[in-house]
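Enquirer: can't give you the sequence, but here's the structure:
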Ligand code: GLA
């Protein structure tokens, strides 16, 4: 999959569907040639390099009025040369100079792909699944080795990139900025697509036309954030969900990030992604190394849906890992929205017993079970049971839940502490705080300094003890505030720029230790809902709580946006009570079930408070999910109709063998006397006959009709009541089961 033209020094990564090409310039820097649909492996491509004499330009060599980094498309641009665009790399030496010019030395190619020590990364199970090329560059002034790594996957249209730095010099150098990837595309005729929002409104899709200059999304909060996701797509104006060019860039990282586009004066488009250089500086001592997080670049000629399917396949099967990766996920019930902090052990048994009766498999005890935790001002850091609420401790409760025939799961917030906790009283110096300055709180809590090994050890020990003693099958790992006044007392002044990154390395380390100690533990990540919902977390936790907003209508946009990058199997989605806790909206229980079952399904309400009719519906939803959860997790997912653009949200999951599909159509507001509607489907076999079954309709049709003419949406909106129940018809959702006959 990697072709090298030794004479021209052109490197061509090609998996038969996509190509990625770069070359060594005369000056020794790397230049970018092409990224897109596969090109002929035999071809010669150096003529793609465009050079021209341009006035007011800074040239590399005297006498040459054509060659300037300013014009050349680059592969890993460095600060301080004649390239005046934003650099991927800035290194500062002890002499204060911030210029660095690593030059090409050699390359190595191997089958497979390396793991990144201490960092999450995609992997292979068999060496034939990917090929990797490492390009070794050398800065003679700093004796700095820069190793650019590229892996192309055989079965996914993606290239994984990361960069490693080794200081072979006698002096320390400072990495001020080191992107994980940078690419200069030859034209800027794109729109950028980003996933942005806020708490309870995460990952909404925003599209903007690129203009000359810079546009970016980023985080400086210490977590990838509710505000912006470490992801960026580029699409042509004419690209749709199903056709046209789309590029996707995703960072496998959970801390501060930058994802940036820059359109220059010649309409060249630079895309870069990596650790946010703002607030970052890494001191690289002699004979030490530093590795950037991994960035994934996807190319699709089949629209945004095509791009998403590549991400889904890669992230579901070669980023998520371990015991739960391919297993059917348990249907869970979580007590948070039903009880908040107010419960005692016996209430929980009644709560869980009803769930068991309905077919739920896992009971998750949320916040409030530990220390003196009756509200959010106390207890974080004391990871032992509050025996006033739970007289038999977590062990006793877990046993009772197991005796009901269910698994038991528990909430933790390992990275945080309240001042009112025994842990803080014994270790007041363990929090992130700047000396002589006040320390801001978030939700009355403070952030533990996970850049320090002894802090991570202290939390690990508490968690290890509990997880070893009690039968705990699942943990919900929460993180409810961002970092402020970032400073660690454990590090000297010239290493304070490392703390944000070291913090997230500490988080990864704690995850890794727990996974090694308890390999069959299912971890769901959470950060006030989706504040750290990123590819980095997926490596440790195969599912994540998408949002604290559990309203089915709000969830349409949140889950639709999330699906741009992240697989359905990783989206924690629950049916909650009515009226909804966050927005007060009343939605039919069918709608809540339909929306939540496109995800890692569960309930977040007290089933004892439902009517017997509702319980019957719940039982049916659970039976449906059990029957279909493998298809939902592993099927090809298609976004069919956008809630950002229409009054509808529609999506489909089609089995890889195309024998079955589930289509979910939700009409947000009721319409009166609306048009007839059809919904063309995807991923079926044209010549296959299918049976279509929904709450309201049942018919047979061939795949070609369903994909061309479309599924007929019954929409009796001409002022009649749909199911005879009367009342409001807003928020109506219908599931269609399409089964090959
Ligand atoms: C966060 C989570 C919620 C819940 C609460 C408990 O907000 O996102 O799901 O666990 O914390 O305090």
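Expert: Arrived safely, thanks for sending. Being a predicted model, the structure only gives us computed values, none of them experimental.
Enquirer: what's the neighbour count on residue 206?
Expert: Using other CB atoms under 10 Å, residue 206 has 15 neighbouring residues. The way it works is simple: take the backbone N, C-alpha and C, and place the C-beta from them, glycine included.
Enquirer: should've said residue 547
Expert: The number of residues packed near residue 547 is 30, by other CB under 10 Å.
Enquirer: What sits closest to it if chain neighbours are left out?
Expert: Closest residue to residue 547 apart from its sequence neighbours, by CB to CB, 6 or more residues apart in numbering: residue 529 at 4.1 Å.
Enquirer: Check residue 417 too.
Expert: In space, residue 417 is closest to residue 381, 3.8 Å off (CB to CB, 6+ apart).
Enquirer: Regarding residue 108, what is its secondary structure?
Expert: For residue 108, the assignment made with DSSP: H, G, I helix; E, B strand; the rest coil gives strand.
Enquirer: show me the contacts for residue 344.
Expert: 388-390 (CB atoms under 8 Å, 6 or more residues apart in numbering).
Enquirer: make it 10 Å
Expert: 386, 388-391 (CB atoms under 10 Å, 6 or more residues apart in numbering).
Enquirer: what's the helix or strand for the residue lying closest to residue 25 once chain neighbours are set aside?
Expert: In this structure, residue 25 finds its nearest non-sequential neighbour in residue 31, 4.8 Å apart by CB to CB, 6+ apart. Using DSSP states H and E, residue 31 maps to strand 30-37.
Enquirer: List the buried residues for that strand?
Expert: Going by neighbour count (16 or more other CB atoms under 10 Å), the buried part of strand 30-37 is 30-36.
Enquirer: got it, and stretch 601-619?
Expert: 601-607, 610, 615, 617-618.
Enquirer: And those, which is closest to the ligand?
Expert: Nearest to the ligand among the buried residues of stretch 601-619 is residue 604, at 8.1 Å by CB to the nearest ligand atom.
Enquirer: how many neighbours does the residue of the stretch 201-350 of the chain at minimum distance from the ligand have?
Expert: Taking CB to the nearest ligand atom, the ligand has its nearest neighbour within the stretch 201-350 of the chain at residue 336, 4.6 Å off. Here the number of neighbours of residue 336 (other CB under 10 Å) works out to 22.
Enquirer: contacting residues around it?
Expert: Taking CB under 10 Å, 6+ apart, one finds 364-368, 411, 476, 545, 548, 550, 574, 576, 581, 604-605 in contact with residue 336.
Enquirer: For the residue nearest to residue 25, name its beta-bridge partners.
Expert: Here residue 31 sits in beta bridges with residue 23, residue 74, going by DSSP bridges.
Enquirer: Residue 152 and residue 112 touch, don't they?
Expert: No. Counting by CB atoms under 10 Å, residue 152 does not reach residue 112; the two are 11.5 Å apart.
Enquirer: so what sits against both of the two?
Expert: 130-132.
Enquirer: So which of residue 152 and residue 112 has more stuff around it?
Expert: residue 152 (23 against 15).
Enquirer: Can you tell me which of the buried residues of stretch 601-619 is nearest residue 522?
Expert: residue 602 (12.0 Å; CB to CB).
Enquirer: ranges for the helices of the stretch 601-741 of the chain?
Expert: For the stretch 601-741 of the chain, the helices defined by DSSP state H, counting those that start in this stretch occupy 612-634, 703-708.
Enquirer: right, so of those, which gets closest to the ligand?
Expert: Among those, helix 612-634 comes nearest to the ligand, with 20.4 Å by CB to the nearest ligand atom.
Enquirer: low-scoring stretches of the stretch 501-650 of the chain, by residue?
Expert: In the predicted model, the stretch 501-650 of the chain carries no residue with pLDDT under 70.
Enquirer: So which bits of it are right by the ligand?
Expert: Contact residues, the stretch 501-650 of the chain versus the ligand (CB under 6 Å from any ligand atom): 526, 528-529, 545, 548.
Enquirer: would you turn those into JSON lines with distance to residue 255 and secondary structure?
Expert: JSON lines is the format used below for those (distance: CB to CB, whole Å; DSSP: H, G, I helix; E, B strand; the rest coil):
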{"residue": "526", "distance to residue 255": "17", "secondary structure": "coil"}
{"residue": "528", "distance to residue 255": "16", "secondary structure": "coil"}
{"residue": "529", "distance to residue 255": "18", "secondary structure": "coil"}
{"residue": "545", "distance to residue 255": "19", "secondary structure": "strand"}
{"residue": "548", "distance to residue 255": "21", "secondary structure": "coil"}
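Enquirer: Can I get these in TSV including neighbour count?
Expert: Shown next, in TSV, are these (neighbours: other CB atoms under 10 Å):
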residue	neighbour count
526	28
528	21
529	24
545	29
548	21
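Enquirer: how much space between residue 14 and residue 153?
Expert: 12 Å (CB to CB, to the nearest Å).
Enquirer: what's the overlap in contacts for these two?
Expert: Contact with both residue 14 and residue 153 is made by residues 1, 131, according to CB under 10 Å, 6+ apart.
Enquirer: Between those two, which has more neighbouring residues?
Expert: residue 153 (25 against 18).
Enquirer: In this structure that one contacts residue 315, no?
Expert: No. Using CB under 10 Å, residue 153 is not in contact with residue 315, being 11.9 Å away.
Enquirer: between the two, what contacts are shared?
Expert: Shared contacts of residue 153 and residue 315, defined by CB under 10 Å, 6+ apart, are found at 122, 296.
Enquirer: what separates the helix or strand following the strand holding residue 31 from the chain centre, distance-wise?
Expert: As assigned by DSSP H and E, the chain's next helix or strand after strand 30-37 is strand 89-92. With CA atoms, centre = their mean, to the nearest Å as the basis, strand 89-92 stands 28 Å off its chain's centre.
Enquirer: Could you do stretch 708-715 as well?
Expert: With CA atoms, centre = their mean, you get 33 Å for stretch 708-715.
Enquirer: All good on my end, thank you.
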